[in-house]
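A.B. asks: Below are the sequence and a predicted model for it; my questions follow.
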Amino acid sequence: MARITQNIEALGPLVITLLMALVTGWLWRVVEHSEVNSVNSKEHKPDILMSHFMAQQLDEKGRVHYTLNAHQMTHYPDDSSSYFNHVLFTTFEPKEPPVTVQSAHAVRFDNLDKIIFTGDVVVTRRSTIDQPTTILRTQTLTVYLKKGIGETDQPVVITYGINILTAASMKVNTNTKIAEFGHAKATYYPKKSH
């Protein structure tokens with residue numbers, strides 16, 4: 001009896017090694033099979049769902065370049081898109097006040113480096129010592145992050161302090177500081193001289 005027990009104890013490590021090899025082989029086949037299925041699958045199914053989502057992107061100096069907060073985020077791997085609900089997007093530029101974009105929904109395409117904000121879009125640039133708060137309202141806004149471009153083909157209303165500009169469309173380039181408006185109308189109140 002003692003001899004059988006010793007032989008079984010000696011075989012223990014070998015049995016464990018064989019079991020691990022079998023499990024590893026099985027896992028390898030499962031992973032390989034699921035990768036083939038996911039590559040061949042063209043279905044638009046989410047792979048990540050998150051509530052109370054928050055992300056930051058840093059610039060080359062390690063400073064926060066922008067933040068993205070959303071009540072819910074859903075990511076789809078087939079087209080590298082992420083869908084957001086109840087969105088707050090904030091950009092931070094050196095020597096400039098923060099600019100926020102709020103919207104009901106947004107979609108970001110990682111491979112295209114763009115975000116499309118939809119549903120009661122409100123862009124706010126905080127006031128500075130010499131400039132009042134600027135607020136832009138529209139129904140859709142497409143932002144190209146690396147190019148520094150924001151555009152919409154929807155009507156926009158911009159308030160700059162007490163001044164108001166309305167337009168049928170808009171394209172703004174933050175790098176060149178050029179804004180283009182289609183069919184624009186402005187109500188401008190000049191500063192009172194003392």
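C.D. replies: The structure has been received and is ready for your questions.
A.B. asks: tell me which residues in the helix or strand V172 falls within are buried?
C.D. replies: V172 is part of strand 169-173, with elements assigned from DSSP states H and E. Of the residues in strand 169-173, 169-170, 172 count as buried by neighbour count, 16 or more other CB atoms under 10 Å. All C-beta spots, glycine's among them, are computed from the backbone N, C-alpha and C.
A.B. asks: Which SSE is immediately downstream of that strand?
C.D. replies: strand 178-182.
A.B. asks: Give me the sheet partners of that next one and which way each runs.
C.D. replies: strand 169-173 (antiparallel) (DSSP bridges).
A.B. asks: gap between the partner strand and the chain center?
C.D. replies: 20 Å (CA atoms, centre = their mean, to the nearest Å).
A.B. asks: Grab the CA positions of that strand and hand them over as CSV.
C.D. replies: Output in CSV follows, covering the C-alpha atoms of strand 169-173 (Å, rounded to 0.1, in the frame of the first residue of the first chain):
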residue,chain,number,x,y,z
SER,A,169,-23.2,76.8,-41.8
MET,A,170,-19.8,77.2,-40.2
LYS,A,171,-16.2,76.0,-40.5
VAL,A,172,-13.6,77.0,-37.9
ASN,A,173,-9.8,76.3,-38.0
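A.B. asks: tell me the average confidence for it?
C.D. replies: Averaged across strand 169-173, the pLDDT comes to 93.
A.B. asks: do stretch 76-88 as well
C.D. replies: On average, stretch 76-88 scores 91.
A.B. asks: Same question for stretch 49-66.
C.D. replies: 87.
A.B. asks: Regarding the residue nearest the centre of the chain, what is its secondary structure?
C.D. replies: The residue lying closest to the centre of the chain (CA atoms, centre = their mean) is R108, at 5.1 Å. Judged by DSSP: H, G, I helix; E, B strand; the rest coil, the three-state class of R108 is strand.
A.B. asks: per-residue confidence for it?
C.D. replies: 91.
A.B. asks: R137 touches V122, doesn't it?
C.D. replies: Yes: using CB atoms under 8 Å, R137 is in contact with V122, at 5.6 Å.
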